[in-house]
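*Asks:* Need coordinates for the below:
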Amino acid sequence: MEKPPRCKFTVFFFIIISLSLGLISFVLCIAAEIKRNKEEDLRWNGKLCYLPSSKAFGLGIAALVSFFLAQIIGNSILLKYSCWRRKNKPHFKVPAIAKILVLISWVSFGFAAILLIAATSMNRKQPYRVGWLKGECYLVKGGTYVGSAILVLVTVCSVNGSAFSTLKSSQANQHQHTKRHKQMG
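*Replies:* As a prediction, the model looks like this:
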């Protein structure tokens, strides 16, 4: 049973959507790096500190949302296509490279999500006596958002590369299967 071309188009469509969301998240991370609070924004009255909210907070939230959606869509399409292949072709196996890429995507996803969540929450308003943690104000270190932007790209490219390699692997298996058929008959 061969997969109709419409379903392959759907797989490619969702891969493109996932890549687009990942690129949007990357750009938002870079913008958040530019708009994050700097030392000159910190106000100190001798005992207490105050940091105003920055635009990096909203940009970080938007980056997180698009990043989560990219990861969910990429993994969903990979899972759905792999399950469909196993259902219709019991001998189908997910390629080893696809498994490695999925592992890389989840590890980098975890690190990027932690960096983005922490950095974004630090760019929220930190009033006197409240601060970010135990009444103290914290600034996001330079390069934190850039590092998370790189991890976003690694994550999205890994999960979509895994889906693409699974798709290509199944096409190669189909061609080998039809060649064997022709030799027998």
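*Asks:* where does the protein dip in pLDDT?
*Replies:* 1-8, 81-92, 94, 129-137, 168-185 (pLDDT under 70).
*Asks:* Go again with 90.
*Replies:* Along the chain, the model assigns pLDDT under 90 to residues 1-16, 18, 35-54, 56, 73-99, 101-102, 121-142, 159-185.
*Asks:* That one: strands as residue ranges?
*Replies:* Taking DSSP state E as the criterion, the chain contains strands spanning 43-44, 49-50.
*Asks:* CSV for those strands, including mean neighbour count and distance to Leu115?
*Replies:* In this view, the C-beta of every residue, glycine as well, is placed from N, C-alpha and C. Shown next, in CSV, are the strands of the chain (neighbours: other Cβ atoms under 10 Å; distance: least, Cβ to Cβ, whole Å):
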stretch, mean neighbour count, distance to Leu115
strand 43-44, 12, 26
strand 49-50, 18, 23
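*Asks:* Go through these and name the closest to Ser105.
*Replies:* When the strands of the chain are compared by Cβ to Cβ, strand 49-50 sits nearest Ser105, at 38.3 Å.
*Asks:* so what secondary structure elements neighbour the closest one?
*Replies:* strand 43-44 (3 or more Cβ pairs under 8 Å, 6 or more residues apart in numbering; DSSP states H and E).
*Asks:* What helices and strands are in contact with the strand it packs on?
*Replies:* Looks like strand 43-44 contacts strand 49-50 (3+ Cβ pairs under 8 Å, 6+ apart).
*Asks:* Sheet partners, orientation included, of the strand it packs on?
*Replies:* Applying DSSP bridges, strand 49-50 is found paired with strand 43-44 (antiparallel).
*Asks:* quick one on the thing from earlier: tell me which of the strands of the chain lies nearest to Leu139.
*Replies:* strand 49-50 (10.1 Å).
*Asks:* Please name the nearest non-neighbouring residue to Leu78.
*Replies:* Distances taken as Cβ to Cβ, 6 or more residues apart in numbering put Ala163 closest to Leu78, at 4.2 Å, once the chain neighbours are dropped.
*Asks:* count of neighbours near the one you found?
*Replies:* 28 (other Cβ atoms under 10 Å).
*Asks:* circling back: need the strands of the chain in JSON lines (columns: distance to Ile24).
*Replies:* JSON lines is the format used below for the strands of the chain (distance: least, Cβ to Cβ, whole Å):
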{"stretch": "strand 43-44", "distance to Ile24": "33"}
{"stretch": "strand 49-50", "distance to Ile24": "32"}
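*Asks:* Which one of those strands lies nearest to Gly60?
*Replies:* The closest of the strands of the chain to Gly60 is strand 49-50. By Cβ to Cβ, the value is 20.0 Å.
*Asks:* can you give me the helices in the protein?
*Replies:* 5-35, 55-88, 96-122, 144-184 (DSSP state H).
*Asks:* So which elements touch the shortest one?
*Replies:* Counting contacts by 3+ Cβ pairs under 8 Å, 6+ apart, helix 96-122 is packed against helix 5-35, helix 55-88, helix 144-184.
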